[in-house]
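Peer 1: Sharing a sequence plus its predicted fold:
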Amino acid sequence: MTVKVFVAQRVSLLFIKTSPVFGNITMKIYQRELLRCMHILFCLVILVLRAGLLYLAVSIRERLFNFNAFLYDYVTVLVFYLITSSSVFIVVSAVGICAAVTFRRRFFVAYSAILAVLYLAEIVLFGIAFNGWLNFNATVEEAMDYHISNYRNDSRDIDYVQEELRCCGKHREDEWFDTLAYIPVSCCPSRPPTDTQDFCSLLPPDISFIIHNTGCLKRLQEMPLTGIKIITSILIGVCAVEVLSFCASTYAIREIGTVVSTKNVNITREYELTKKSEKNINIYNEKQNNTRKAEVLFQCNARKGVHYVHKNVNQLTDSGPNVKHTK
C-alpha cells in the first residue's frame, strides 16, 4: 500500500463522516425540504379550516340559540361536534407542524396514528349525522306540534319563532283555532298601537297586512340549509387535505427509516473500511521494518566481509618476504 492510497482512504472516510447524505438509497436534502414545506402547508390549511369551522359553530350557537327548542340537532348536537372536533384537530395540526419542523420520526408516527384514528371516528360520526339529517324535518315537525299543543303552559318558544320569522301556526294562521280558538298576538306584531288585546283581531278592513299568513314549519326547516351546505363543503375540503397530510407523513416516516438504515449500513462499512485500513497499515509497517532489518543485516554482513578481506590481504602482505622458494 502506497502513501497515496492510504491518504485517499482517509479522505473518503472523512467525507463519509461529514457528508449529510450518503449511500445509494437516501433522501436528498431538497426532497426533505420539499416534504417539510408540503407537510407544514397541509397542517396550516387544516388548522385554518378547522378554526373556520370552530368560528362558524360558535356563530350558529349564538345566532340560533333561541331556536334550540326546534332545531336541537342543528344548534346543539352539530355545534358540539364541530367545536370538539375542530379543537382536537387544531391541536393535532400543531403536532404535525412540530413533526415537520423537527423532522423526527416519532413525531410523524404519533401524528399519523392520531390523525388516522380521528379520521375514522369522523367518518363514523358523519354517517350518524347524515342519518339524523334525513330525519331532521320530522324532528322539527314533532317539536312544532308539541309547542303548539302546549301553548297555554309555555308560549315563549313559539311566540319567539312567530315574531322573529314573521310566521303564524304550523302551516297557516287559522290552525290556531283548533287549539286556542283565537290567534296569538305574536302572529300580528305589526298591529296598530291602539290594539291592546291579547290576541290578533280579525276585524276589517284588511287583516292580511296585520296577521302573518305563512306557516313556521317550512321556515324552520329551511333555516339550517345554508349553514349545512357551508359546513359540508368545508368538511369535504378539510378531509381531502387531511388525507394528503397523512400520505405526506407516512412518506416521511418511510424515508426517515430508509435514511436511518442507510446510515447504519454506512457506519458498518466505515468501521470495516477503518479496520481494513489499519490492517493494511500494520502490514505496510511490518514490511518496512523487515526491509530495514534486511538492509541493516546486509550492511553488517558487508562490513564483516570487507573486514575479513582486508585482514587476509594484510596477512599475505606481512608474510611475503619470509616465503621460501623451493625447486
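Peer 2: Here it is on my side, so go on. A quick note: this is a predicted structure, and the numbers were derived from the prediction, not measured.

Peer 1: Tell me which stretches of the stretch 1-150 of the chain form helices.
Peer 2: Per DSSP state H, counting those that start in this stretch, the stretch 1-150 of the chain carries helices over the ranges 3-18, 29-63, 72, 79-102, 105-134, 136-149.

Peer 1: Output the ones you listed as TSV; include the columns mean pLDDT and mean neighbour count.
Peer 2: C-beta coordinates here come from the backbone N, C-alpha and C atoms, glycine included. Rendered in TSV, the data for these read as follows (pLDDT from 0 to 100; neighbours: other Cβ atoms under 10 Å):
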stretch	mean pLDDT	mean neighbour count
helix 3-18	43	12
helix 29-63	89	17
helix 72	87	14
helix 79-102	90	18
helix 105-134	85	15
helix 136-149	88	16
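
Peer 1: For residue 227, which of those is the nearest?
Peer 2: For residue 227, the closest of the helices of the stretch 1-150 of the chain is helix 29-63, at 5.9 Å, according to Cβ to Cβ.

Peer 1: and of the helices of the stretch 1-150 of the chain, who's closest to residue 254?
Peer 2: The stretch from these with the least distance to residue 254 (Cβ to Cβ) is helix 105-134; that distance is 9.7 Å.

Peer 1: Show me what that closest one packs onto, helices and strands only.
Peer 2: helix 79-102, helix 216-319 (3 or more Cβ pairs under 8 Å, 6 or more residues apart in numbering; DSSP states H and E).

Peer 1: re earlier: so for residue 217, which of the helices of the stretch 1-150 of the chain sits nearest?
Peer 2: Nearest to residue 217 among the helices of the stretch 1-150 of the chain is helix 136-149; the distance by Cβ to Cβ comes to 5.4 Å.

Peer 1: can you list contacts of the closest one?
Peer 2: By Cβ atoms under 8 Å, 6 or more residues apart in numbering, the surrounding residues in contact with helix 136-149 are 69-74, 154, 157-158, 169-170, 175-176, 179, 216-217, 220-221, 224.

Peer 1: Alpha carbons only: can I get the following helix or strand past it in CSV?
Peer 2: Moving toward the C-terminus from helix 136-149, the next helix or strand (DSSP states H and E) is helix 156-164. Only the C-alpha atoms of helix 156-164 are listed here, as CSV (Å, rounded to 0.1, in the frame of the first residue of the first chain):
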residue,chain,number,x,y,z
ARG,A,156,-92.3,31.7,25.0
ASP,A,157,-90.6,29.5,22.4
ILE,A,158,-93.4,29.5,19.8
ASP,A,159,-94.0,33.2,20.3
TYR,A,160,-90.4,34.0,19.7
VAL,A,161,-90.4,31.9,16.5
GLN,A,162,-93.6,33.6,15.1
GLU,A,163,-92.2,37.1,15.9
GLU,A,164,-88.7,36.6,14.5
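
Peer 1: helices and strands around helix 156-164, which ones?
Peer 2: Under the contact definition 3+ Cβ pairs under 8 Å, 6+ apart, helix 156-164 sits against helix 136-149, helix 216-319.

Peer 1: average pLDDT for it?
Peer 2: Model confidence over helix 156-164 averages 88 on the pLDDT scale.

Peer 1: what angle do that helix and helix 136-149 make?
Peer 2: Using axes from the mean of the first three to the mean of the last three Cα atoms, to 10 degrees, the inter-axis angle of helix 156-164 relative to helix 136-149 is 110 degrees.

Peer 1: in helix 156-164, what counts as buried?
Peer 2: Residues of helix 156-164 classed as buried under the neighbour-count rule (16 or more other Cβ atoms under 10 Å) are 157-159, 161-163.

Peer 1: could you dump those residues to JSON lines with distance to residue 138?
Peer 2: Formatted as JSON lines, the entries for the buried residues of helix 156-164 read as follows, by distance: Cβ to Cβ, whole Å:
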{"residue": "157", "distance to residue 138": "19"}
{"residue": "158", "distance to residue 138": "18"}
{"residue": "159", "distance to residue 138": "24"}
{"residue": "161", "distance to residue 138": "18"}
{"residue": "162", "distance to residue 138": "21"}
{"residue": "163", "distance to residue 138": "25"}
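
Peer 1: so which pair among those residues is furthest apart in space?
Peer 2: Taking Cβ to Cβ as the measure, the buried residues of helix 156-164 span a maximum distance of 11.1 Å, between 157 and 163.
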